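Novice: Give the three-dimensional model of this entry:
(one chain, ligands or ions: 3)
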Amino acid sequence: MNTNERRADIRDVVGFFHLPGAFVSAVPFGSGHINDTFRITMLAQGAEARYIIQWINHHVFKNPAALMANIERVTAHLHRKLAAAGVRDTSRRALTLVPTRTQASHAVDADGNTWRCFKAIEGVRSVNQIEHPRQGYEAARAFGEFQKLLADLPAPRLLDTIPQFHHTRSRFDALRAAIAADTAHRVARAGPELAFVLAREAMVDVLLAAQQRGEIPERVTHNDTKLNNILLDETTGEGLCVIDLDTVMPGLALYDFGDLCRTATCPTAEDEQDLAKVEMLPEMFAALVQGYLSSAGEFLCRAEREHLVFSARLITLEIGIRFLMDFLQGDIYFKTHRPGHNLDRARVQFKMVASFEQQEKQMHAIVQAAG
Ligand code: ADP
Ligand code: GN1
Ligand code: MG
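Specialist: Numbering: from 1, shown residues only. Ligands and ions are numbered 1, 2, ... in the order given. Model (predicted):
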């Protein structure tokens, strides 16, 4: 999204928060498609301290204050649970919000933009493309652990920061409406991709129907489990901290597992243009299954286990639908960096769906073998 709205200078934004020391630098950080992220360095008593400051995209998240209330509750709960379990380095295993000078969880600048600040966790890395199965194991284990820790989050229910975010039927129907409207006159450029999606309509109701029948429960889930939303310990490779908490809300555990398969079983970036390189790597899928079951195994129900393989296909189709729809609508939602970027992203997702379909039997055997 290209927003031309006025923003406070990042140095003024730093001033909103209770950060000791003198400002050293602010650099844009990360590769997210929605918010803007900056890494801030301060110098306090001769030592550098780093922070992550983020602008919350209010075109996407319509109620930033309520979103921040979710994040306050979630991070406080994680810290409490980790401390109660005797974990010593809790500050590396859950995000820590830095309050504003007026003790609020976020600041709103003169132009109505919302900003928040976290302590930066040191000695970590996040990867956009999987390099080794161990990274997949650790990411999946950490996302499963995250779901487990949030299972007893006290009432009330978390707010839906984006209503019907992973409602696959709504996403499918929205695409059909976008085809009919063809506002940016791009439908003609996406013929094969649209045919691919429309041929798979039956998929979009499967988990929703199982949920409605009471076979799959609603849980507190992350809902944006890209591989790069895990901080891995730089030295040990351990999956340390789940980040990017804007969409933590009620959802299905399978959406989280599926979205991780989308990004962490593929050897390329999400927007790779050489589709010959895009395929599901079974050894990565096996690592994800083993890692996820090592933490989530104790609470998953039978229907959830049975749909692990299907969830990869479904969520990858759904994200593909969202990229394709944004292409059709003229790139109004996701940030893009080149013409046709959203179409490229959609193509990678559909190539992955096809690869999941082709290797379905082997994927089931992997789940079976994992117990
Ligand atoms: P987005 O994906 O919306 O840009 P993220 O919250 O995922 O925003 O942050 C972007 C990147 O910044 C992450 O991939 C990670 O590398 C880094 N990052 C975010 N939060 C922290 C943190 N608390 N400590 C260290 N690095 C962080
Ligand atoms: C967006 O903000 P980011 O880049 O972490 C999107 C996710 C998509 C992802 C695809 C709020 O996540 O749903 O899966 O892009 N977030 C939102 O890369 O729409
Ligand atoms: Mg992110």
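
Novice: which residue ranges form the strands in this protein?
Specialist: Ranges of strands within the chain are 22-28, 36-44, 47-56, 107-108, 114-119, 124-125, 219-221, 230-233, 239-242, 249-251, based on DSSP state E.

Novice: Which of those sits closest to ligand 3?
Specialist: Evaluated with C-beta to the ion, the strands of the chain place strand 36-44 nearest to ligand 3, the distance being 7.8 Å. All C-beta spots, glycine's among them, are computed from the backbone N, C-alpha and C.

Novice: For that closest one, give the mean pLDDT please.
Specialist: In this model, strand 36-44 has an average pLDDT of 97.

Novice: Tell me the residues of the chain that contact ligand 2?
Specialist: Neighbours of ligand 2 within the chain, by C-beta under 6 Å from any ligand atom: G32, H33, I34, V60, D224, K226, D244, T247, E270, I319.

Novice: quick one: which of these has the most company?
Specialist: With neighbours defined as other C-beta atoms under 10 Å, the most crowded of the residues of the chain next to ligand 2 is I319; it has 25 neighbours.

Novice: distance of that residue from A107?
Specialist: Going from I319 to A107 by C-beta to C-beta, to the nearest Å gives 31 Å.

Novice: go on, F356?
Specialist: Per C-beta to C-beta, F356 is found 43 Å from A107.

Novice: Of the two, give the one with the bigger neighbour count.
Specialist: Higher neighbour count among F356 and A107: F356, with 25 against 21, using other C-beta under 10 Å.

Novice: which ones are touching the spatially closest residue to that one that is not a sequence neighbour?
Specialist: Spatial nearest neighbour of F356, chain neighbours left out: R313 (4.4 Å); criterion: C-beta to C-beta, 6 or more residues apart in numbering. Shown in contact with R313 (C-beta atoms under 8 Å, 6 or more residues apart in numbering): M203, G258, V353, F356, E357, E360.

Novice: so which of these is the most crowded?
Specialist: Using other C-beta under 10 Å as the neighbour test, the contacts of R313 are led by G258, with 27 neighbours.

Novice: mind listing what that residue touches?
Specialist: Contacts of G258 by C-beta under 8 Å, 6+ apart are S311, A312, R313, L314, I315, T316.

Novice: Show only the entries of those residues found in helices.
Specialist: The helices, defined by DSSP state H, take in S311, A312, R313, L314, I315, T316 from those.

Novice: Of those residues, grab the buried ones for ChimeraX.
Specialist: In ChimeraX, this line selects whichever of the ones in helices among the contacts of G258 come out buried by 16 or more other C-beta atoms under 10 Å:
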select :311,312,313,314,315,316
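
Novice: any chance of the ones in helices among the contacts of G258 in CSV, with distance to F17 and pLDDT too?
Specialist: Formatted as CSV, these follow (distance: C-beta to C-beta, whole Å; pLDDT from 0 to 100):
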residue, distance to F17, pLDDT
S311, 38, 98
A312, 39, 98
R313, 42, 98
L314, 40, 98
I315, 35, 98
T316, 38, 99
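
Novice: Ligand 1: which of the ones in helices among the contacts of G258 is nearest?
Specialist: I315 (17.2 Å; C-beta to the nearest ligand atom).

Novice: Can you tell me the closest non-neighbouring residue to the closest one?
Specialist: Closest to I315 by C-beta to C-beta, 6+ apart is G258, at 3.3 Å.

Novice: Show the model's pLDDT score for the one you found.
Specialist: pLDDT recorded at G258 is 98.

Novice: try G371
Specialist: 83.

Novice: now R6
Specialist: According to the model, R6 carries a pLDDT of 62.

Novice: excluding its backbone neighbours, what's nearest the residue most central in space within the chain?
Specialist: Compute the mean C-alpha point of the chain, and by C-alpha atoms, centre = their mean the closest residue is D224, 1.9 Å away. In space, and not counting its chain neighbours, D224 is closest to T247: 4.8 Å by C-beta to C-beta, 6+ apart.

Novice: ok now do the nearest residue to T221 once chain neighbours are set aside, which residues does it touch?
Specialist: Nearest in space to T221, with sequence neighbours left out and distances taken as C-beta to C-beta, 6+ apart, is G251 at 3.8 Å. Residues near G251 by C-beta under 8 Å, 6+ apart: F165, H166, E218, R219, V220, T221, H222, N223.

Novice: Tell me the buried residues within those residues.
Specialist: Among the contacts of G251, those classed as buried by 16+ other C-beta under 10 Å are F165, H166, R219, V220, T221, H222, N223.

Novice: which residues of this protein score low on pLDDT?
Specialist: Residue ranges of the chain with pLDDT under 70: 1-6.

Novice: Now with 50, please.
Specialist: 1-4 (pLDDT under 50).

Novice: which residue ranges form the helices in it?
Specialist: Under the criterion DSSP H, the chain carries helices at the ranges 10-16, 64-84, 90-93, 133-149, 168-181, 191-198, 206-212, 253-264, 282-296, 302-306, 308-328, 341-358, 360-370.

Novice: For ligand 3, find the nearest of these.
Specialist: Closest approach to ligand 3 among the helices of the chain is made by helix 253-264 (10.8 Å; C-beta to the ion).

Novice: For that closest one, what is the distance to the chain centroid?
Specialist: 9 Å (C-alpha atoms, centre = their mean, to the nearest Å).

Novice: tell me the angle that helix makes with helix 360-370.
Specialist: Interaxial angle, helix 253-264 versus helix 360-370 (axes from the mean of the first three to the mean of the last three C-alpha atoms, to 10 degrees): 110 degrees.

Novice: Keeping just the C-alphas, turn helix 253-264 into PDB.
Specialist: Presented in PDB, the C-alpha positions along helix 253-264 are these (Å, rounded to 0.1, in the frame of the first residue of the first chain):
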ATOM      1  CA  ALA A 253      -4.900 -24.100  15.100                       C
ATOM      2  CA  LEU A 254      -4.800 -25.500  11.600                       C
ATOM      3  CA  TYR A 255      -4.600 -22.000  10.000                       C
ATOM      4  CA  ASP A 256      -1.400 -21.500  11.900                       C
ATOM      5  CA  PHE A 257       0.100 -24.900  10.900                       C
ATOM      6  CA  GLY A 258      -1.000 -24.400   7.300                       C
ATOM      7  CA  ASP A 259       0.500 -20.900   7.000                       C
ATOM      8  CA  LEU A 260       3.800 -22.100   8.300                       C
ATOM      9  CA  CYS A 261       3.800 -25.000   5.700                       C
ATOM     10  CA  ARG A 262       3.100 -22.400   3.000                       C
ATOM     11  CA  THR A 263       6.300 -20.500   3.800                       C
ATOM     12  CA  ALA A 264       8.600 -23.100   5.400                       C
END
